[in-house]
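> Need a 3D model of the sequence below.
(2 chains)
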Amino acid sequence: MNEIPLHPANASLVLCPDGPILVRGDFDVVMPSGEPAPRQRKTVALCRCGASAIKPYCDGTHKMINFRTEPPDVQGRGTSERPN
Amino acid sequence: MNIPEPRGPISAGVCALLTGDPGADPSALVALHARVTERVAVVEDLIDDDVQLALFCLYELHYGGLAGVDDRWEWHPGLIGIRQLLEEPFEAWLRSEAGVLTDSVRRPAGTPGSDATAALLFELAARDGGPSVSRHVAKKANAEQLSEFLIHKSLYQLKEADPHTWAIPRLAGPAKAALVEIQADEYGGGRPERMHSAMFARTMRGLGLKDSYGGYVDVVPAITLASVNMMSLFGLNRRLRGAIAGHLAMYEMTSSRPNQLYGNGFRRLGFDAAVTGYFDEHVEADAVHEQIAGRDLAGGLVEAEPDLLEDVLFGAAAASCIDARFAALLLEAWENGRSSLRPLVPATT
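As a prediction, the model looks like this:
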């Protein structure tokens, strides 16, 4: 079995290409007031495109507005090569 | 659930057999085998009421079972043989339908990384250009159509996530962890009232519908049965683990926006959060799940087993084809002022 890299911190953030930030592990989502954001699940997707109707969470709208996380000339879509 | 009303010679034979003791009447099994062989050879469109209902009953033995049917039938070799006679042409039909979509996907050179597999699946999902049930529900559907919509969906949603769970022990490493992560959320994260199937049952009750599993099986058309049978086919056969992963990814990737529109449709007709909770939950949950399903589940599986890329694409495209055909049936009926359900009269056999 291939060795799976360890993430030593208690939580990890996955920067999804052209999509949200997926947060896993032990963390709290808090509003600027310090109040906890309503939360129903362990792993959450935080809106990165700004267009979600359920912020701070993602609702998939980034796909409809063609949100891109990489500048157009280094897009690596459809291949396994991504810029470092 | 109760044994459904048969819809032709195959389902009548299967239902009759299931009411007896396993192994009590070997000649009935032999006769059914011959009947099924003869019949499937001439069925061209596998979205056939008789074939799909028979398959549905056979698969149901692996889930909650059928009332009054001896549990030993589940692994009866003769009955598994009959299931395979029906599965083979169904799978071939699905592959041929899905081929139109998968042929047009540009595969990357070499083994795709998990981001590349996810990108292929997102691209396939974005092409979904069929008629939209969700837009109709949001803007035009009347109260009866909303009930019909829930009745179609109830065949799967009251056991939501179960067919994909079959895949867990067939996967390893990151793909397995990803599937378990998604399924734990589907099953409410330890809170039974938040299981998606329980939330769907609440929605049904809110519209005055009965929420017992399979309670409406006799009124749903073949395409609705086929959409659930496709998942059971992919989930129950280990060799199709790529297809069930692709299927889940496609479901998740085409879910957030439609569920937002479904919720809007129910709100438009005055239903409150008790009814729309199911749809609202899916807007948020599936925006999480689509990332995990595309990259970690499907992508992780293809990284571990590169030969499965084609089956991942097949499962995703098959889900899309069946969904398009379901949407066409529903909208065609509704636009002509008809019900999309079958009239409740016993089938003539």
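
> Surely residue B:283 forms part of a helix?
Yes - secondary structure of residue B:283 (DSSP: H, G, I helix; E, B strand; the rest coil): part of a helix.

> residue contacts, it?
A:54, A:59, A:60, B:256, B:259, B:260, B:263 (CB atoms under 8 Å, 6 or more residues apart in numbering or on different chains). Yep, even glycine has a C-beta here, placed from its N, CA and C like the rest.

> For residue B:15, see how far away it is.
39 Å (CB to CB, to the nearest Å).

> Quick check: pLDDT value at the spatially most central residue of chain A.
In chain A, the C-alpha nearest the mean C-alpha coordinate belongs to residue A:21, at 1.1 Å (CA atoms, centre = their mean). pLDDT, residue A:21: 98.

> For the nearest residue to it once chain neighbours are set aside, name its beta-bridge partners.
Leaving out its chain neighbours, the residue that sits closest to residue A:21 by CB to CB, 6 or more residues apart in numbering or on different chains is residue A:46, at 4.5 Å. Under the criterion DSSP bridges, residue A:46 forms beta bridges with residue A:21, residue A:57.

> Residue A:46 contacts residue A:59, correct?
No - in this structure, residue A:46 is not within contact of residue A:59 by CB atoms under 8 Å, at 11.4 Å.

> And the two? Which one has more around it.
When residue A:46 and residue A:59 are compared for neighbours, residue A:59 comes out ahead with 22 against 17, by other CB atoms under 10 Å in any protein chain shown.

> give me the element that one is part of.
Here residue A:59 is covered by no helix or strand, with elements defined by DSSP states H and E.

> Excluding chain neighbours, give the residue nearest to it in space.
That would be residue A:52: by CB to CB, 6+ apart, it lies 4.6 Å from residue A:59.

> three-state assignment of that neighbour?
Under three-state DSSP, residue A:52 comes out as coil.

> mind checking pLDDT for it?
Confidence score, pLDDT, at residue A:52: 97.

> Residue B:154 now?
Value listed for residue B:154 in the pLDDT field: 98.

> show me what contacts it?
B:200, B:204, B:209, B:211, B:215, B:216.

> what residues are up against residue A:10?
Contact partners of residue A:10, counting by CB under 8 Å, 6+ apart, are A:25, A:26, A:27.

> What's the separation between it and residue B:332?
In terms of CB to CB, residue A:10 sits 53 Å off from residue B:332.

> and whichever residue of the stretch 151-300 of chain B sits closest to chain A, how many neighbours?
Nearest residue of the stretch 151-300 of chain B to chain A: residue B:256, at 3.4 Å (CB to the nearest CB). Other residues lying near residue B:256 total 26 when counted by other CB under 10 Å.

> For it, give me its contacts.
A:59, A:60, B:282, B:283, B:284, B:286, B:287, B:290.

> Whichever residue of the stretch 1-150 of chain B sits closest to chain A: neighbour count?
Closest to chain A within the stretch 1-150 of chain B is residue B:113: 3.6 Å, counting by CB to the nearest CB. Residue B:113: 19 surrounding residues under other CB under 10 Å.

> That one contacts residue B:299, doesn't it?
Yes - the criterion here is CB under 8 Å, and residue B:113 meets it with residue B:299 at 7.1 Å.
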